[in-house]
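>>> return atomic coordinates for the entry below.
(4 chains)
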Protein chains: 2
Amino acid sequence: MITTRDIAERLGVSVSTVGRALADDPRISEETKFRVRQAASDMGYVGNRAARMMRGASSNVVALVIPDIRNSFYSTIAHELSKNMESEGFQLMLSETDDDRTAELRHLRELSANRVAGVIIVPSARPHSESVKLLRALPHVQLLRRHPSLGSQWFGVDDQEALRRATAHLVAQGHTRIAYLGGPEELPTGAERLRGFRSALREGGLPDDAGRAELGPPSSVGHGRETVRRLLSGPDVPTALVLGSIQLTLGVLEELSRQGVKVPQELSVVGFGDEPGFSWWGPGLTTVGLPIQEMATGCALWMIRRLKTEPGNDGPYTAVSPGALILRGSTASPDGGTPSRSA
Amino acid sequence: MITTRDIAERLGVSVSTVGRALADDPRISEETKFRVRQAASDMGYVGNRAARMMRGASSNVVALVIPDIRNSFYSTIAHELSKNMESEGFQLMLSETDDDRTAELRHLRELSANRVAGVIIVPSARPHSESVKLLRALPHVQLLRRHPSLGSQWFGVDDQEALRRATAHLVAQGHTRIAYLGGPEELPTGAERLRGFRSALREGGLPDDAGRAELGPPSSVGHGRETVRRLLSGPDVPTALVLGSIQLTLGVLEELSRQGVKVPQELSVVGFGDEPGFSWWGPGLTTVGLPIQEMATGCALWMIRRLKTEPGNDGPYTAVSPGALILRGSTASPDGGTPSRSA
DNA sequence: CACTCTCGTGCTAACGTTAGCACTACTTGG
DNA sequence: CCAAGTAGTGCTAACGTTAGCACGAGAGTG
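I've put the predicted structure just below:
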């Protein structure tokens, strides 16, 4: 690798002069600058950021710690962040945890060792205390999920409101046996969504046993498939189904298609998030739209400002974006079975 | 930030001793090691990789340079790479180029400055010469697309064979007006897929004007929508459509659903790649399965071996994986219109 | 008892870059 | 013609870590 020293020796000047010329220092003559730049370009010089970091410069790497990039939820976020970061000169490090707190810790250790400038994280259910310690030593924001020990910097959607709206739509159509399929309660998002589901039932004046919650791994398509299979073959088949994650929605749609379940006549369904296939699935899936892009952009801008301006002078910052219901054809009243709006 | 020096001062030993204790050097007594580790843990010491790199240690960061992470094609790759890299102690840097060679160059400059250990890249159509220079100075592999100036390390699918099979299937069903919708010819994958399309027509004994190629941006859903709209409203409407990218497929399916085109009676369709929604779209989409996972894993393993073993002693290495056709219900013969296999 | 060995540790330099200070050769003002 | 300034450049130290060499104390050997 070419260093400033190589350039200096070739031109017969000092390393300081080379360094200053490349930094466009006003004290260096135009002629010298020109010669240095020429030589640098000729020799294929590329500055060494590791060395700069040793002299106090901060890293230009921001890490994104998420469960699984294949989930379109997260890939959208990654894209939006990457785009915003790139334009400000930051690079994005991608760490997948698979919702495993030990993997999460391993990644955070590596990220700390690499002295990343900041971390944007979708925390696991109960992060290791060392993870918390490591994060607290860095500029960090939480995304979507929110863990109290990690401070108040958080960007996410109003999960409770999202599920309240989805469920209220079904309640308004007269459903009294509604199943909710979502993530575990120990996940902050899982708890919030479940709360939204329950509160919609309560507000609709329905008894406690009108709702049934099936909780499990939120990013498992397979779990969605299996659960809907179990629900449909068991006793007390619900007339409506509300979903609490994109991956679960994908699994459920696949299984309903495979079994040929008539939607919305036999079963009404409200999905979570919006995916390319949702509009052409069966009668079109009524679903909760999520302003993921806006959220990710907000988060990126916050992190950029946090990194550009000196200390954490902008205090706690929290943004909540609500999700709007996208009406398609997958819901109807439980008796007659006329869609609320055909696709 | 805590340094080895801080630990040394606290324990009244030298930095060397601390360094060696943390590196588990056999020369250090067990008792000292214990005290050092204890203190390091107490004080929240995290080694500084930038400093290590200055002493000749190599980075543990591998970069992935792709057009767009939202494309499930690439997010699958990213996931597979991340998984494999993580288990070997590497971190993954994500750089999105949006198929723009200038963005590509910007990223490569940053990656070089950060002294990443290696680069896995889906190169743009015609990379800047500086990009080529930067890449050649690093361990690198090409993924999917292959640019001759970037050496022979490449992992990808046999694009020509994939489209040959897709097209041959339609030819065998008797179609004589087949449209191909794919990426531009200047992209290596675009050229290969187009070649596969043409060779299948030739092998089927069809005249040159039986096939019609519509080329455009491969990762634009919108372009898929518009082109299919144009094709269907223009003269000489084809009886079959072969697609040459996942994003284009998504756009086409959406538009065909929206216009209520009867598939396969009015139009036969063969997609590219397999996505969650493809199985439940209309009659089920017949499509070319792509062994993306296998390809990504192969690529990751190659890069890991390249980085672990000293020089590039393993010479040029090229893997080609064929794609198999997944038969669903979206194709039929052009006259009668009985599906080859109903969903 | 002197010699050599081994064990455990410390000192120093080096990696590439940058900031502070110092130095030289001019130029300007009195 | 000398003092003071200025433009342009060089020298040196420092960032955190590690590898090579050196050192002192104690153990083993003749």
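>>> which is the next helix or strand following the helix or strand where residue A:202 lies?
Per DSSP states H and E: residue A:202 is located in helix A:188-203. Going down the chain from helix A:188-203, the next helix or strand is strand A:211-215, by DSSP H and E.
>>> just give me the neighbour total for residue A:23.
Neighbour count of residue A:23, defined by other CB atoms under 10 Å in any protein chain shown: 10. The C-beta positions use only the backbone N, C-alpha and C, and glycine is treated the same way.
>>> returning to that earlier point: now do the helix holding residue A:202, average pLDDT.
Average pLDDT, helix A:188-203: 96.
>>> who touches it?
If you take CB atoms under 8 Å, 6 or more residues apart in numbering or on different chains as the criterion, helix A:188-203 is touched by A:144-147, A:156, A:159-168, A:171, A:178, A:180, A:182-185, A:208, A:210-211, A:213, A:215, A:218, A:242, A:244.
>>> among these, which ones are buried?
Buried by 16 or more other CB atoms under 10 Å in any protein chain shown: A:144-147, A:156, A:159-168, A:171, A:178, A:180, A:182-183, A:210-211, A:213, A:215, A:218, A:242, A:244, out of the contacts of helix A:188-203.
>>> just those: which are in helices?
A:159-168, A:171 (DSSP state H).
>>> ok, and of the residues you listed, which contact DNA strand C?
Among these, not one lies near DNA strand C by CB under 7 Å from any atom of the strand.
>>> DNA strand C: which of those is nearest?
Using CB to the nearest atom of the strand, residue A:159 comes nearest to DNA strand C of these, at 44.8 Å.
>>> in CSV: the ones in helices among the buried ones among the contacts of helix A:188-203, plus pLDDT.
Below are these laid out as CSV (pLDDT from 0 to 100):
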residue, pLDDT
A:159, 93
A:160, 94
A:161, 94
A:162, 94
A:163, 96
A:164, 95
A:165, 95
A:166, 97
A:167, 97
A:168, 97
A:171, 97
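>>> let's have the residues you listed in CSV, adding distance to residue B:275.
Shown next, in CSV, are those (distance: CB to CB, whole Å):
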residue, distance to residue B:275
A:159, 26
A:160, 31
A:161, 30
A:162, 24
A:163, 26
A:164, 31
A:165, 28
A:166, 24
A:167, 29
A:168, 31
A:171, 33
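>>> in the stretch 151-300 of chain A, what residue is nearest DNA strand D?
Nearest residue of the stretch 151-300 of chain A to DNA strand D, counting by CB to the nearest atom of the strand: residue A:151, 24.8 Å away.
>>> I figured that residue was touching residue A:137, is that so?
No - Residue A:151 is not in contact with residue A:137 according to CB atoms under 8 Å; the separation is 11.8 Å.
>>> what parts of chain A come near DNA strand D?
Selection of chain A residues close to DNA strand D by CB under 7 Å from any atom of the strand yields A:12-17, A:20, A:27-29, A:31-32, A:51, A:54-56.
>>> so which of the residues you listed are also by DNA strand C?
With CB under 7 Å from any atom of the strand as the criterion, these include A:15-16, A:51, A:54-55 near DNA strand C.
>>> now for chain A, the helix or strand with the poorest mean pLDDT.
Least confident element among the helices and strands of chain A, by mean pLDDT, DSSP states H and E: strand A:318-321 (a mean of 73).
>>> can the next helix or strand after it be said to contact chain B?
Of the helices and strands lying after strand A:318-321 in sequence (DSSP H and E), the nearest is strand A:325-326. No - Strand A:325-326 lies out of reach of chain B by CB under 8 Å from any CB of the partner chain, never closer than 14.6 Å.
>>> residues contacting the closest residue to residue A:278 other than its chain neighbours?
Of all residues not flanking residue A:278 in the chain, residue A:285 sits nearest, at 4.3 Å (CB to CB, 6 or more residues apart in numbering or on different chains). Listed by CB under 8 Å, 6+ apart, the contact partners of residue A:285 are A:249, A:253, A:269-271, A:278-279, A:328, A:330.
>>> what residue in the stretch 101-250 of chain A comes nearest to DNA strand C?
Minimum separation of the stretch 101-250 of chain A from DNA strand C (CB to the nearest atom of the strand) falls at residue A:115, amounting to 13.7 Å.
>>> count of neighbours near that residue?
Around residue A:115 there are 19 other residues, counting by other CB under 10 Å.
>>> for the one 4 residues further on, same thing?
Counted with other CB under 10 Å, the burial measure for residue A:119 works out to 24 neighbours.
>>> wait, doesn't it sit right on residue A:65?
Yes - counting by CB under 8 Å, residue A:119 does reach residue A:65; the two are 6.2 Å apart.
>>> what do these two both touch?
Joint contacts of residue A:119 and residue A:65 (CB under 8 Å, 6+ apart) are A:108, A:111.
>>> send the alpha carbons of whichever strand or helix holds residue A:50 over as PDB?
Under the criterion of DSSP H and E, residue A:50 resides in helix A:49-54. C-alpha atoms of helix A:49-54 as PDB (Å, rounded to 0.1, in the frame of the first residue of the first chain):
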ATOM      1  CA  ARG A  49      -8.600   5.800   7.700                       C
ATOM      2  CA  ALA A  50      -7.300   3.500  10.400                       C
ATOM      3  CA  ALA A  51      -4.300   5.900  10.800                       C
ATOM      4  CA  ARG A  52      -6.600   8.900  10.800                       C
ATOM      5  CA  MET A  53      -8.700   7.400  13.500                       C
ATOM      6  CA  MET A  54      -5.700   7.000  15.700                       C
END
